[in-house]
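Engineer: prediction below, plus the sequence it came from.
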Amino acid sequence: MSSAGTETVRLDVDEGTGVAVVTLDRPGRLNAIDLRMAEELRALWRRLRFDDRVRAVVLTGAGERAFCTGIDRDVVVPQPSSPYMQDDPLLTVGPKANDLWKPVVAAVRGMACGGAFYLLGESEFVVADATAVFFDPHTTYGMVSAYESVLMAQRMPYGEVARMVLLGNAERIGARRAHEIGLVSEVTEEGRAVEAALWCARVIAGGPAEAVQGTVRALWAAREAARAPGFAQAPQLIALGNLPGGRQAELFARRVRAEPRIR
């Protein structure tokens, strides 16, 4: 087993099994993605393209409270004035965006919300423990859920995605319901998601790498055709529908502290 780490992401490689574990490592910020983490994820995925020791990857988050809670609220990303152009640092944090076709299994404990769907949407499948909850608070805070909605519409029935993104912070999808609707492939006991994901990854890594990676690429090709038109419209929809930053901050500061409904 070899380990390496950057400021925000940890990498552990088991050379015996060919499996790497990528851990989002900002537990104090609920593994929210800041600009440093975005850069380090991009570099890590591209590095794994050249690491022949690794044939499958498990992606998870440090700590017990969250897999990932999307972009860090303290991040400020200047935007062009044109609605046809947009800078979104999360668009390139996933493995597929960085041309990595080694299979990735996500292991979720605690919260996975908002921008976390960029990562889940580019994983082959998701294993979750009993504490996992999934939600998208964009609309609650005056933002359009565009890229997230497109990605989740490829994993969940339309009505389930619509309910999640439109109810925002008021409701969360529990692990059991996530399994029922196909977002999650397996639900484990609390704290056992990584273990279950590792079992899957080891089996996958034991197969011929070329055949496995070709299959991943074929699966993604089927999804790309539906994803591309939605992504193409996203910048304009966000530019038109997002409230000004100050107003978003007001809504975030005034958010209701009542416990969200979990179904």
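Structural biologist: Thanks, I have it.
Engineer: phi, psi for A225 please.
Structural biologist: phi -60, psi -40 (degrees, to the nearest 10).
Engineer: just R202 next, same as before
Structural biologist: Per-residue torsions, R202: phi -70, psi -40 (degrees, to the nearest 10).
Engineer: model confidence score at the closest residue to it other than its chain neighbours, please.
Structural biologist: Nearest residue to R202, sequence neighbours excluded (CB to CB, 6 or more residues apart in numbering): T17, at 4.8 Å. C-beta here means a position set from N, CA and C on the backbone, and glycine is covered the same way. Here the pLDDT value assigned to T17 is 98.
Engineer: what does stretch 187-204 contact?
Structural biologist: 17-19, 21, 55-58, 60, 64, 103, 105-109, 125, 127-132, 175-176, 178-179, 186, 212 (CB atoms under 8 Å, 6 or more residues apart in numbering).
Engineer: how about a cut-off of 6 Å?
Structural biologist: 17, 19, 56, 58, 60, 103, 105, 107, 109, 127-131, 175, 179, 186 (CB atoms under 6 Å, 6 or more residues apart in numbering).
Engineer: this protein: helices as residue ranges?
Structural biologist: Secondary structure of the chain (DSSP state H): helices at 35-48, 116-120, 147-152, 158-167, 175-180, 193-205, 209-241, 245-253.
Engineer: before we move on, back to that, give me the ChimeraX select line for the contacts of stretch 187-204, limited to the buried ones.
Structural biologist: The buried residues among the contacts of stretch 187-204 can be selected in ChimeraX (16 or more other CB atoms under 10 Å) with this line:
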select :17,19,56,58,60,103,105,107,109,127,128,129,131,175,179,186
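Engineer: for the helices of the chain, which one ends up most surrounded?
Structural biologist: The highest mean neighbour count among these, using mean count of other CB atoms under 10 Å, belongs to helix 116-120: a mean of 27.
Engineer: contacts for that helix, please.
Structural biologist: Applying CB under 6 Å, 6+ apart, the contact partners of helix 116-120 are C68, G70, L90, V93, G94, A106, V126, E148, L151, M152.
Engineer: show me the two of these that sit farthest apart.
Structural biologist: Distance extremes for the contacts of helix 116-120: the farthest pair is L90 and V126 at 17.6 Å, using CB to CB.
Engineer: give the bridge partners for the closest residue to R176 other than its chain neighbours, please.
Structural biologist: Sequence neighbours aside, V187 is the residue nearest to R176 in space, at 6.3 Å (criterion: CB to CB, 6+ apart). Note on V187: beta-bridge partners by DSSP bridges are A128.
Engineer: roughly how far apart are V187 and G110?
Structural biologist: Applying CB to CB, to the nearest Å, the value for V187 to G110 is 14 Å.
Engineer: contacting residues for S3?
Structural biologist: S3 makes contact with D12 under the criterion CB under 6 Å, 6+ apart.
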